[in-house]
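>>> Here is a sequence with its predicted model. Questions after.
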Amino acid sequence: DHAPCDFSRTHIYPDDRTARGILAGLRAGSFWSDHGRILDDLLFTLSAPGLPLPVTPGEVVALRAGQPLMFTVMLQRGNGAIDSTLIVELIGNSRSGKPELLHSKQLLADENRLDWTLDNTVAGADGRSIYLRLRVRKPVADGPDLMAYSNAIRVVTH
């Protein structure tokens, strides 16, 4: 990589811009990271019937097992992906109980939003929780893909 923080970045959503606020944001899991400056902003949320507000990465929510989960992804492209097709992928353990790719969709250069619903989810190996995280990839023909990752959203089932 280039000089410190020139190519790989961690984006934190702190309550305030102090060292204490930044550390609290990291501990809460309220962050995402990118490699290659492909994104300047990333919003990944989970909604479900009965939830008063959407859930964001780093949060844990209790929901009924098998309940449909609705996801929204909104992104702002960075200089590394202004005119590029991006691949948005949902990774989690809600289908087989093991980590796997659950959903993949290409976003053309003029698209910045994606919505989808997962039905018939199952708990992971612990038998009572699900985790879901987002990966955004910019394919690179002559090298490794550039990527952005969200932290996970955790669903405890009952």
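Structure's in. What do you need? Everything numeric in this text was worked out from a predicted model, so none of it was measured. Numbering: from 1, shown residues only.
>>> Point to the residue nearest the middle of the protein.
Centroid-nearest residue in the chain, with Cα atoms, centre = their mean: Leu134, separated by 2.9 Å.
>>> Mind checking the pLDDT average for the helix or strand containing it?
Secondary structure from DSSP states H and E places Leu134 in strand 129-138. Across strand 129-138, the average pLDDT comes to 94.
>>> same question, stretch 65-82
The model assigns stretch 65-82 a mean pLDDT of 92.
>>> State the number of residues packed around Asp142.
Other residues within reach of Asp142, judged by other Cβ atoms under 10 Å, total 4. The C-beta positions use only the backbone N, C-alpha and C, and glycine is treated the same way.
>>> Tell me if it really is in a helix.
No - applying DSSP: H, G, I helix; E, B strand; the rest coil, one finds Asp142 to be coil, outside a helix.
>>> Quick check: the gap between it and Leu69.
Taking Cβ to Cβ, to the nearest Å as the criterion, Asp142 is separated from Leu69 by 37 Å.
>>> Could you give the number of residues near the residue nearest to Leu102 when sequence neighbours are not counted?
Excluding the flanking residues, the one nearest Leu102 by Cβ to Cβ, 6 or more residues apart in numbering is Leu90, at 4.5 Å. Close neighbours of Leu90, defined as other Cβ under 10 Å, add up to 23.
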